[in-house]
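**Student:** Let's see this in three dimensions:
(3 chains)
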Amino acid sequence: MKRPRAAYDDVVIAVPVTVPYVRHSIRGAHWFLARALAELLKVSGLGKHQIDGLCVSSFTLAPDTAVGLTQHLGVTLRWLDHIPMGGACGIVALRRAARAVQNGDAQAVACIAGDTNHTDSFRLNLATFSQFARDAVYPYGSGGANASFAFLTAHYMRSYGAKPEDFGKLCVAQRDNALQFPHALMKKPLTLEEYLTARPIADPLRLFDCVMPCAGADAFLVLSRADAEELGLPYARILSTIERHNAFPDDPIQYRGGWALDRDELYAHAGIGPQDVDVLATYDDYPVISLMQMEDLGFCEKGQAPDFVRRHSFGVGGSFPVNTSGGQLSVGQAGAAGGFLGLVEIVRQLTGQALGGAVAGARTGLASGFGMINYDRGLCSGAALLAARGGPS
Amino acid sequence: MTRPLVRPPRKNPILRTRVPTLPPGGRSRVALGLTAGAARGRFELQVCRDCGAVQYPPREACLACLSSRLDWREQDGAGELLSETLLRHSNELFYRERMPWRLGLVRLDCGPVVVAHLHGDCEPAPSRVRVRAALDHAGQAALTAIPEKDTPNMADDRQLREMTCDPRFRKVLITDAKTPLGQALAAALAAAGADIVWAGYAEPWKKAPGFELLASIPQVSLLPLDLTDSRAVKDAAGEIGGRVDILINTADHHRNTGIAARNGVETARAEMDVNYFGLLRLAQEFAPAMRARGADGQSSAVAWVNLLSIFALSNFPPHGTYSASKAAALSLAQCLRAELSGAGVRVINVFPGPIDDEWNQLLPPPKIAPARLAGDIVEALRGGAEDIFPGDIAQEWLERWRDNPKALERELAAAR
Amino acid sequence: MSDPVLAQLVAGLAAGRIRIVDLTQTLSPDFPQIVLPPEMGQAWPFRIEEASRYDDRGPGWYWNNFSCSEHTGTHFDAPIHWISGRHLPDNSTDTIPGAHFIAPACVLDCSRQAAADADFLLTVDFLRRWERQNGRIPRGAWILMRTDWSKRTDPVEYQNLDETGQHTPGPDPDAVRFLVDERQVLGFGSEAIGTDAGQAFHLRPPYPCHYYMHGSGRYGLQCLTNLDLLPATGAVVIAAPLKIKQGSGSPLRVIALVPQPAPSPARKKNASKRRTVSAKKKRR
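**Tutor:** Numbers count the residues shown, from 1 in each chain, chains lettered A, B, ... in the order given. Reported below is the predicted structural model:
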């Protein structure tokens, strides 16, 4: 008999931190993760000894995992987790840390994700990404996820009539959002014309459909509501979360993600519906996945996202704010930090700490995660519904 | 529609020769099962013995029932093209040098979804295709989706050609063109479109019937070459080595004695000197230039073919010392394969059963005719395999050897 | 008082009164090797493999290893080589008396006949005609059959094979018996690949030169060259095979010492007189 899932009533997420992104860095991942932890301590006022839980995500930390980092950073912990789930790592870290705090296994969990980017980091990372990728994808030349997402995008366009202009509209809107975000690496405006005529990468994908790998880190704290209030920290409440891995394995090609399996539970748990979401953060490694998340998270029917995109505007003042800091497509993908970027931005929007444009009166936010193209599809999916301190319960 | 291949223009001698690069060649051990099939020209996938599910990518346990009893079985490759892309950018040097590159996602009728190279004549998705496994330049199995039905000039597809060693517009050396097989090969390669066929011959005072006629084929150039003479091999390499695209080592000293039937080592030494040391001399003198020319334009150096024998796998005692010399050559050919792998030059080992010639006179049929064997070798060059077993005897002995090598050893011993 | 005979030899060589003629073909992989039916044991051709050449295999030196048959290139046949000589005493290269390594040579010019007929057979008649011109063949001499076959530098022409086998000149059975029984020669030397004619298989007995020479403890020399530089008589041949234990023969260096006639002191005086006379004559 399936047990009911517990609510997150007394656990909150606070202290959104970003270590500024740079295109290339000679430093190791340890440097960026250390800066993230240091910033968490500085903003929260906690001492390092008061952090008793740590969640780490990084692609370039090797040969270390989270364990090595404990000695490297000089932290003594009673709870430790390493989340190698790429774009889903923020959601998953939140889920793990929240339960630990809720059950008393830890009191203050620092969740950090970060990566360095040497000039050959990207290529080396890809070459050892997964066994299936090495055996069945890289020999064919794409040297990354571009070909896989080109397949998905072409299939999606053929199946549902999505046009390049639809993806372009979202990219242009995200660029507009990014122009106000201080950490965004893309600083020039993007027009639809530029998007449509940009250098082809893998048909139908063009340059602005792809993220720019960079170095950086993002982080947040998970702690009890009582502790957050005692420390005087702005926080967001956790209404509900979902997580799924290797959903729909029999789909011949990916056109939906695990959210489609779990979204009803996501909203039921939270006691709200998609219409109540004020701001959305999709995991946007490619625009087609953002459209898939809009469908699978219930904002429109499957196959209707092109129409949805045509009908909405996505800026902070728009009809449907999405990726309000610019998303990875305009901010940059600092490795695993890409899995934290959306969640951190939702926390900023819900706590009134937006670094760029703010969504007025945002009380409920949805952060979505997706990642790990092990072979031909993203295996991990997740989402978290958060509420502002005084927002819906 | 694939444009037929045209003769490439003459190479500009002041330009630097492009150094060979390779597609990614790392594979897990279980994925090498695909390579083992492709090496023999077969597309094989794992099939679960317990539930029948077909697996891809290769793995250690059945994706449906977790059984570890997975057997590699040949597949027909029929499937549906779900989606495609034209790659315009790659971090991999090999592909960077060959942009754009067409890729497809195919759902095989037998179940799995595969990423594959996509032949230029395949209709846009959705469409029916056939998937084939061949060895790419890295010597690993790679899948290519070809049209459901053959199209004109299909083999000339730019991407498909990267998996083959097509002799058209290439220059070929046949080390011993005096034998019936050597002569048949020279004619077959000329017919297959080779630009030059150097016909090697030793001991010019020993005339072989039919050999003189070879010179009347316009592409054929007679070349003195004695594989037992190191200096002669060096001289031949000095003369033509920089132009050889395909080397076919047909030199074969074959007598029919075991150990007891012949006193002294003289016969066995002659077999070793041609069959094993001849290969070694050839490889030392000709391989370096071929290695450097593995990416030298459309008519690059591309293949090294060794005429071995099915006797190399398991000793045939009536021809015992000959078998041993072919086994030695097989081992050395594996060494050569490793040394040429970085250049993308394929070493093709041919293991025929007994050829229908004078030294196999006493063996009962089926024996493989030289002309038929020559055709099989040309087909191997056009295909994507590297271990060829032409003829009924070779096919059967291979099957017996793979099934139970010890049993084959006993069966061949009983043949005395 | 030491015997001056060797001093005279040394002085003669230094003064150019004795010329050395090299009767040996260069040992190289290109030199043809005798052809036997494939099912028989074969004689190895000359092959040479570098061991080092001032390189990482040996920085300061160059040397090779070589392989060949005892009967490769210019070579010596010992009596043990043939079935008819297998039981004779002192019949292998290591037991042949050293005194047999230096001997006078009689050179029989068959070059015209061999040019006209590759299967030319040397007969007793030919020998008798030669003796009428050059004197009796001395006991213990080498009989060298000059055919100019060594001038055939193309290996195919040197072998001269067709569907019926090899076609090279040699002695007929009676000539061999004559040389052995009537003249007690030391041995028979040929420019071709065998002492016997190429078609000698069909003579009776087959290969009479091998059969009779070796059968009576005599020797053979093959693949000689430069016989056209030797006088019919007067040359002394040095042919010493390698001292191989139980050897049937070996490649070797064969050299001939050939006397060069020198002007005598008397003739010198007359020569100057003659010059004067002719000068006088010219002035007239």
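
**Student:** What sits closest to the residue of the stretch 51-200 of chain B found nearest chain C if chain neighbours are left out?
**Tutor:** Nearest residue of the stretch 51-200 of chain B to chain C (CB to the nearest CB) works out as residue B:179 at 12.6 Å. Every C-beta, even on glycine, is put in place using the N, C-alpha and C of the backbone. Nearest residue to residue B:179 in three dimensions, chain neighbours excluded: residue B:250, at 6.5 Å (CB to CB, 6 or more residues apart in numbering or on different chains).

**Student:** you'd agree that neighbour is up against residue B:172?
**Tutor:** No: in this structure, residue B:250 is not within contact of residue B:172 by CB atoms under 8 Å, at 11.2 Å.

**Student:** rewinding a little: any idea how far the residue of the stretch 51-200 of chain B closest to chain C is from residue B:254?
**Tutor:** 10 Å (CB to CB, to the nearest Å).

**Student:** my guess is residue B:146 contacts residue B:116, does it?
**Tutor:** No: between residue B:146 and residue B:116 no contact is recorded; they are 9.4 Å apart, counting by CB under 8 Å.

**Student:** shared neighbours, those two?
**Tutor:** Residues touching both residue B:146 and residue B:116 by CB atoms under 8 Å, 6 or more residues apart in numbering or on different chains: residue B:131.

**Student:** of those two, who's got more company?
**Tutor:** residue B:116 (28 against 23; other CB atoms under 10 Å in any protein chain shown).

**Student:** Next, give phi and psi for that one.
**Tutor:** Phi and psi for residue B:116, reported as degrees, to the nearest 10, are phi -150, psi 150.

**Student:** What's the separation between it and residue A:156?
**Tutor:** Residue B:116 is 20 Å from residue A:156, where distance means CB to CB.

**Student:** now swap in residue A:52 and tell me
**Tutor:** 45 Å.

**Student:** higher neighbour count, these two?
**Tutor:** Higher neighbour count among residue A:52 and residue A:156: residue A:156, with 25 against 19, using other CB under 10 Å.

**Student:** Could you grab the helix/strand/coil label for the more buried one?
**Tutor:** For residue A:156, the assignment made with DSSP: H, G, I helix; E, B strand; the rest coil gives helix.

**Student:** ok, the residue in the stretch 101-250 of chain C that chain B sits nearest to - contacts?
**Tutor:** Residue nearest to chain B within the stretch 101-250 of chain C: residue C:159 (3.6 Å; CB to the nearest CB). Going by CB under 8 Å, 6+ apart, residue C:159 touches B:205, C:32, C:35, C:166, C:193.

**Student:** where in the stretch 151-300 of chain A is pLDDT low?
**Tutor:** Along the stretch 151-300 of chain A, no part satisfies pLDDT under 70.

**Student:** Quick check: residues of it near chain B?
**Tutor:** Residues of the stretch 151-300 of chain A lying near chain B by CB under 8 Å from any CB of the partner chain: A:151-152, A:154-155, A:158, A:199-205, A:249, A:252-253.

**Student:** run the last query once more with 10 Å
**Tutor:** A:151-159, A:199-207, A:210, A:249-253 (CB under 10 Å from any CB of the partner chain).

**Student:** So which of those residues sit within strands?
**Tutor:** Of these, the ones assigned to strands by DSSP state E are A:200-202, A:205-206.

**Student:** Let me know the closest of those to residue B:132.
**Tutor:** residue A:202 (22.8 Å; CB to CB).

**Student:** Next, residue B:15: phi, psi?
**Tutor:** Geometry field for residue B:15 lists phi and psi as phi -90, psi 150, criterion degrees, to the nearest 10.

**Student:** In the stretch 101-250 of chain C, what residue comes closest to chain A?
**Tutor:** Counting by CB to the nearest CB, the stretch 101-250 of chain C gets nearest chain A through residue C:155, at 52.0 Å.

**Student:** Run through the residues that contact that residue.
**Tutor:** B:203-205, B:224, C:30-33 (CB atoms under 10 Å, 6 or more residues apart in numbering or on different chains).

**Student:** how about stretch B:24-34: buried residues?
**Tutor:** Buried residues in stretch B:24-34, counted by 16 or more other CB atoms under 10 Å in any protein chain shown: B:24-25, B:27, B:30-31, B:33-34.

**Student:** my bad, stretch C:226-240
**Tutor:** Across stretch C:226-240, burial judged by 16+ other CB under 10 Å covers C:226-227, C:230, C:232-237, C:239-240.

**Student:** again with stretch C:206-218
**Tutor:** Buried residues in stretch C:206-218 (16+ other CB under 10 Å): C:207-218.

**Student:** list the contacts for residue 261?
**Tutor:** Just so you know, I chose chain A. Taking CB under 10 Å, 6+ apart as the test, what residue A:261 contacts is A:242, A:244, A:247-248, A:296, A:381.

**Student:** wrong one, chain C
**Tutor:** Counting by CB under 10 Å, 6+ apart, residue C:261 touches C:17, C:234.

**Student:** how near is it to residue C:234?
**Tutor:** According to CB to CB, residue C:261 and residue C:234 sit 10 Å apart.

**Student:** just residue B:238 next, same as before
**Tutor:** 47 Å.

**Student:** what kind of secondary structure is residue A:81 in?
**Tutor:** Relying on three-state DSSP, one would call residue A:81 strand.
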